[in-house]
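Asker: Quick one: sequence and predicted model below, then my questions.
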Amino acid sequence: MSFETFVQGGTVTDAQMDNLMSQCVIRCTSSTRPTSPAPMAGMTIYETDTHELLQYTTVTTGWKRPWMWPWGHVASWIDNGAVGSIGPYGTATTDFPSATVTFNAVANRLYRIDAQIGQWSSPGSTTNLLLSVYKDGALLDHLASENYVNGRGAIKQYLSGSVITTATTGSHTYKIVFKFSAGANNRFDTTTTPGGSNIIIQDIGPVPGQLPA
């Protein structure tokens, strides 16, 4: 398809009109997307009810956000004080309560996972806390670790980290997992600082050089 230009007084053909329409951003709603005649790859729409800018890809994949753009927030859990004071915890590998998110991933996209737990404290002389993220029940990555050293008294700390990863197309579940190295009375207290514990997943763009699967 060529880019159409016009000369004053000239004749406009049906083919030129089809090309001209395909070069325009079509204003519609999420329920009135063009269906007939069948959209062509690259056709672009702006949905006035969702404020989404979408492009037509294939009959199978339909309307999608522009491939080369970051798509932003896709899933998150933020405690907002709902978790409260939890514990005690020993040295077992443990899921952080409620810190689980599920979303439908797209192949060949990069996802940044940010996770934080806090506030935490330990009565032990020296205790290490390991923060990890699991994907579909298996370890994805260890994000951070820190020692709680005797002499800090009642000081409470946060622990955070991030990882960039990919996923196959379909539903995936991510969760925060932690492990203390010692002690039997380790705790978290998020009631005084809502939002202190969270997991946030963002789409940051396509894998370099990769096209839609």
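Answerer: Now that the structure is in, tell me what you want to look at. This one's a predicted model, so the numbers in the text were calculated from it and none came from an experiment.
Asker: Give me the phi and psi for residue 18.
Answerer: phi -60, psi -40 (degrees, to the nearest 10).
Asker: number of nearby residues for it?
Answerer: Residue 18 is flanked by 14 other residues according to other C-beta atoms under 10 Å. In short, each C-beta sits where N, CA and C put it, glycine included.
Asker: and it, what pLDDT?
Answerer: pLDDT for residue 18: 74.
Asker: Kindly report the same for residue 156.
Answerer: pLDDT, residue 156: 63.
Asker: Walk me through the domains of the protein.
Answerer: Following automatic domain parsing, one gets these domains for the chain: 14-64, 72-206.
Asker: Deepest-packed of these, please.
Answerer: Greatest average neighbour count among those goes to domain 72-206 (a mean of 17), per mean count of other C-beta atoms under 10 Å.
Asker: what distance separates the start and the end of that domain?
Answerer: Distance between the two ends of domain 72-206: 12 Å, counting by C-alpha to C-alpha, to the nearest Å.
Asker: ditto for stretch 119-139
Answerer: Note: stretch 119-139 ends 23 Å apart using C-alpha to C-alpha.
Asker: For stretch 87-95, output the C-alpha coordinates as CSV.
Answerer: In CSV, the C-alpha atoms belonging to stretch 87-95 read as follows (Å, rounded to 0.1, in the frame of the first residue of the first chain):
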residue,chain,number,x,y,z
GLY,A,87,4.6,-14.0,62.2
PRO,A,88,6.4,-15.6,63.9
TYR,A,89,8.4,-17.3,61.1
GLY,A,90,11.2,-19.8,61.4
THR,A,91,13.7,-20.8,58.8
ALA,A,92,11.4,-22.5,56.2
THR,A,93,10.9,-21.1,52.7
THR,A,94,7.6,-19.3,53.0
ASP,A,95,5.1,-17.5,50.7
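Asker: Spell out the residue ranges of the strands in the protein.
Answerer: 25-28, 44-47, 53-56, 63-64, 72-78, 85-89, 94-105, 109-121, 126-135, 138-149, 157-165, 170-180, 186-189, 198-206 (DSSP state E).
Asker: quick one: which of the ones you listed has the weakest pLDDT on average?
Answerer: Sorting the strands of the chain by mean pLDDT places strand 186-189 lowest, at a mean of 85.
Asker: would JSON lines of the strands of the chain with distance to residue 11 be doable?
Answerer: JSON lines is the format used below for these (distance: least, C-beta to C-beta, whole Å):
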{"stretch": "strand 25-28", "distance to residue 11": "25"}
{"stretch": "strand 44-47", "distance to residue 11": "27"}
{"stretch": "strand 53-56", "distance to residue 11": "29"}
{"stretch": "strand 63-64", "distance to residue 11": "33"}
{"stretch": "strand 72-78", "distance to residue 11": "46"}
{"stretch": "strand 85-89", "distance to residue 11": "75"}
{"stretch": "strand 94-105", "distance to residue 11": "48"}
{"stretch": "strand 109-121", "distance to residue 11": "45"}
{"stretch": "strand 126-135", "distance to residue 11": "59"}
{"stretch": "strand 138-149", "distance to residue 11": "61"}
{"stretch": "strand 157-165", "distance to residue 11": "54"}
{"stretch": "strand 170-180", "distance to residue 11": "51"}
{"stretch": "strand 186-189", "distance to residue 11": "74"}
{"stretch": "strand 198-206", "distance to residue 11": "42"}
